[in-house]
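Student: got a structure for you, letters missing:
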């Protein structure tokens, strides 16, 4: 119990500031981003993400759907990015810790797909790029990898996803990430003290 009291007393003034940094009462920076990704631990999801095998375009498919050189270059760049993500997800899998549960949000989005034609290759590539750009501020490679495979252009196009479904998924994902981000003013020092002292006391 004395360990707990001492840690709480020493860390009681550590909190998250509005710029996202973790500082003490003297203004000294202890972390530039709480937990490295700024997420609130109570919203962390533990999920299994089976890496899909249907994300890579074949040459015949590209010939049928894309004659534009720039789009072909974008497909190649996407493939290189997904190869890098594959290495990361295999390293940290099979159970991944992320701020949100994108697969569940994607499954829910089917109810809001609406009527209309599926998006084309260029629109799918633009969606994937915009989606990853919108979560880049979290600097979470695991989250980037999951979203990269979920938003792979081949899966979007051949899956017949509509523009309405993509828009709903992105808006809900951004809302979930905002909710899962630690709030400014959170006294994280006390949380850290409890996290350290309670297991030590139990042992």
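Tutor: Yes, it's here. The shown structure was predicted, so the numbers you read here are calculated from the model rather than taken from an experiment. Numbering: from 1, shown residues only.

Student: where are the low-confidence patches of this protein?
Tutor: Scanning the chain for pLDDT under 70 picks out 1, 41, 67, 114-115, 197-203.

Student: Tell me which residue lies nearest the centroid of it.
Tutor: residue 143 (2.9 Å; CA atoms, centre = their mean).

Student: Any idea how far the longest helix seen in the chain is from the middle of the chain?
Tutor: Assignment by DSSP state H gives helix 69-92 as the longest helix of the chain. From the chain centre to the centre of helix 69-92 is a distance of 16 Å (CA atoms, centre = their mean, to the nearest Å).

Student: Stretch 56-71 now?
Tutor: 28 Å.

Student: Contacts for that stretch, please.
Tutor: 72, 75, 79, 82, 120-122, 125, 153-154, 157 (CB atoms under 8 Å, 6 or more residues apart in numbering). In short, each C-beta sits where N, CA and C put it, glycine included.

Student: ok, now stretch 160-178?
Tutor: With CB under 8 Å, 6+ apart as the criterion, stretch 160-178 contacts 99-100, 102, 105-106, 108-110, 112-119, 123-124, 127, 130-131, 134-135, 138, 147, 156.

Student: try 7 Å
Tutor: 99-100, 102, 105-106, 109-110, 112-114, 116, 118-119, 123, 127, 131, 134-135, 138 (CB atoms under 7 Å, 6 or more residues apart in numbering).

Student: Ok, stretch 21-30 next?
Tutor: 13-14, 16-17, 31-32, 34, 188.

Student: try 10 Å this time
Tutor: 10-17, 19, 31-35, 38, 182, 186, 188-189, 192 (CB atoms under 10 Å, 6 or more residues apart in numbering).

Student: Make a ChimeraX selection of the buried ones in these.
Tutor: Buried subset of the contacts of stretch 21-30, written as a ChimeraX selection, criterion 16 or more other CB atoms under 10 Å:
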select :11,14,15,16,33,34,35,38,182,186,188,189,192
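
Student: Strands - which of the contacts of stretch 21-30 land there?
Tutor: If you go by DSSP state E, these have 15-16, 31 in strands.

Student: Tell me if I am right that residue 170 is in a helix.
Tutor: Yes - counting by DSSP: H, G, I helix; E, B strand; the rest coil, residue 170 is located in a helix.

Student: Now do it against residue 36, distance only.
Tutor: Distance of residue 170 to residue 36, computed by CB to CB, to the nearest Å: 24 Å.

Student: Over to residue 28?
Tutor: Taking CB to CB, one finds residue 28 at 18 Å from residue 36.
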